[in-house]
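> Pasting the sequence and the predicted model now:
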Amino acid sequence: MSTALLQVDNLKKYFAVPQGYLHAVDDVSFSIDKAATLGVVGESGCGKTTLGRVVLRLLDSTDGRIVFDGEDVTHVKGAKLKALRKRMQIIFQDPYASLNPRKTVFQTISEAMSINGRLSAPEIKKRVVELMDIVGLAQRFVNAYPHELDGGRRQRIGVARALSIEPEFIVCDEPVSALDVSIQAQILNLLIDIQTELGIAYIFITHDLSVVKHISDNIIVMYLGQVVEEVASAELFSRQIHPYTRALLSAVPVPIVNYDKKRILLKGEISSPVNPGEGCRFAPRCDYVQDRCLEEGPELREILPRRLARCHFAERFA
């Protein structure tokens, strides 16, 4: 019997466009245990954010199954969906655009608690103070507005808001990409400390591989809506199997003077996510493409123990 808090099976999300259907998320499967972090990486437009929003039921899936804590929540509605919202939250990418400019810090953090109606006014006030202390936000900012705060403090408000109704699972949608490097480290360490203390599970969406290495237990690499590689965080940086993953890792800067790092520069055109053909979606940019790649799309399969890749010739790189 699975012990996973979240299990996603063959999840798909297609958007209707004039030319047909845009395959934003296509046949994605993974699981996350309690108090664990799944990193989701890939270049812009690969479907990372859409995946997170479909899992949270902010968008309805086209096909597939979402199981949360042993219950199929793929199509729940009404009271069941409202109850699910209390257990699953999101931290948005932009710490300014995601906050209501007309609400103070207190109003923003307390809003979800007021809507759920489980706490009295004095209890809500006490809880807001506790949350501000947890995320490292000084109490003097309790009546401040977003425009009066810097990016780091605004993102701390977003973290406190997500924690306000004590969720078991949070989607972190590039929560540090809009912040300075020094502030990034503070927010990352904050998320790790909160996870250790409260046992929350994360999906951590990012395009920054150095960040995902710091916080993730397992990582999935996405390309045009599909998972092309799934691996434990430590193993990904020691050896990559899929050609796309190898190219991504080659772009990570190394802080060593005169280090001669060999970049893998991808050539060719990116395949269209609208009505993609039967072949491999990475084939037009792959240096190892063969006729089979153009005719038959590879399956995501286990190449090494707990090491999955979507490539016909993955054994060559493993």
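Happy to help now that I have it.
> rest of the way, CA atoms for contacts and neighbours
Fine.
> Helices along the stretch 51-200 of the chain, start to end?
Assigned by DSSP state H, counting those that start in this stretch, the stretch 51-200 of the chain shows helices spanning 78-85, 105-116, 121-134, 151-163, 181-198.
> Residue 136 touches residue 155, doesn't it?
No - the pair residue 136 / residue 155 is not scored as a contact, 11.0 Å apart, by CA atoms under 8 Å.
> These two - which one has more neighbours?
Relative neighbour count places residue 155 above the other of residue 136 and residue 155, with 29 against 16, counting by other CA atoms under 10 Å.
> hey, which of the helices of the stretch 51-200 of the chain is tucked in deepest?
Highest mean neighbour count of those: helix 151-163, a mean of 24 (counted as mean count of other CA atoms under 10 Å).
> From the contact counts, what lies against that helix?
strand 88-91, helix 105-116, helix 121-134, helix 181-198 (3 or more CA pairs under 8 Å, 6 or more residues apart in numbering; DSSP states H and E).
> Nearest residue to residue 210 in space, ignoring adjacent ones along the chain?
residue 252 (7.5 Å; CA to CA, 6 or more residues apart in numbering).
> tell me which element the one you found is part of?
For residue 252, there is no enclosing helix or strand under DSSP states H and E.
> if I look at it, how far off is residue 246?
Remark: distance between residue 252 and residue 246 (CA to CA, to the nearest Å) = 11 Å.
> quick one: which of those two has more around it?
Shown here are residue 252 and residue 246; by other CA under 10 Å, residue 246 has more neighbours (17 against 13).
> which residues touch that one?
Contacts for residue 246 (CA atoms under 8 Å, 6 or more residues apart in numbering) come out as 240, 264.
> and it, what helix or strand is that in?
helix 243-250.
> what's next to the next helix or strand after that helix, contact-wise?
Sequence-wise, the next helix or strand downstream of helix 243-250 (DSSP H and E) is helix 291-295. For helix 291-295, contacts defined as CA under 8 Å, 6+ apart pick out 278, 279, 280, 283, 312.
> can I get the helices and strands packed on helix 151-163 in JSON lines with distance to residue 23?
Listed next are the helices and strands packed on helix 151-163 as JSON lines, based on distance: least, CA to CA, whole Å:
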{"stretch": "strand 88-91", "distance to residue 23": "23"}
{"stretch": "helix 105-116", "distance to residue 23": "33"}
{"stretch": "helix 121-134", "distance to residue 23": "39"}
{"stretch": "helix 181-198", "distance to residue 23": "31"}
